[in-house]
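A.B. asks: Just the structure for this:
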Amino acid sequence: MYSEKFLIEGLVSSPSYGDGSKGKILRMIDLYQKDLPKLKKHRSGFAESDFLRSVTKQGYRGNVSFKGYSNTTEGSYLIVKSARKKSTEPLWVLCWGGLEDLAQALHDAPEIQKKSRYIGSEVPIRSGVPTVMHTSLQISQIFGL
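C.D. replies: Presented below is the predicted three-dimensional model:
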């Protein structure tokens, strides 16, 4: 989980395809909890399992409309809430799947663009959702990535 490497504000399941869910993240946290005592013997700073569970949220599931956003989710709300916190540091949003919740957060609160940074490992390409690709390109342009 790399919780000893950086401050975690939240974990959001944003499967734009497939069957990813908050429940699957929670099951991974259960496994992490079993290994946590061993991990702590080698390094400090790991997040506690209860904390990780408390910040795990469900994001948008399925195909979003062509406009690139739909309705606020637990995940997009958490992004907005975290970006609005008073801090001198930017909010880094790391995406390994769907960008729908990030797009929704930017739609709901455009002012967070100034304080947020986006890193993505991939942008899902599937038929029916070209706007998510377009939105990710806009996000990259906004953040200078």
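A.B. asks: Which pLDDT value belongs to the residue lying farthest from the centre of the chain?
C.D. replies: Of all residues in the chain, residue 41 has its C-alpha farthest from the mean position, at 28.9 Å, by CA atoms, centre = their mean. Looking at residue 41, its pLDDT stands at 94.
A.B. asks: tell me which element it is part of?
C.D. replies: helix 22-42 (DSSP states H and E).
A.B. asks: Name the next helix or strand downstream of that helix, please.
C.D. replies: helix 49-54.
A.B. asks: Buried residues of that next one, list them for me.
C.D. replies: Neighbour-count burial for helix 49-54 flags 49, 52 (criterion: 16 or more other CB atoms under 10 Å). Heads up, the C-betas are built off the backbone N, CA and C, glycines and all.
A.B. asks: And that helix, what does it pack against?
C.D. replies: In terms of contacts (3 or more CB pairs under 8 Å, 6 or more residues apart in numbering; DSSP states H and E), helix 49-54 is packed against helix 22-42.
A.B. asks: The helix it packs on packs against which elements?
C.D. replies: Helix 22-42 packs on strand 11-13, helix 49-54, strand 56-58, going by 3+ CB pairs under 8 Å, 6+ apart.
A.B. asks: Not counting its own residues, what contacts the longest one?
C.D. replies: What it means is helix 49-54. Contact with helix 49-54 is made by 1, 3, 8, 11, 26, 29-30, 32-33, 36, as judged by CB atoms under 8 Å, 6 or more residues apart in numbering.
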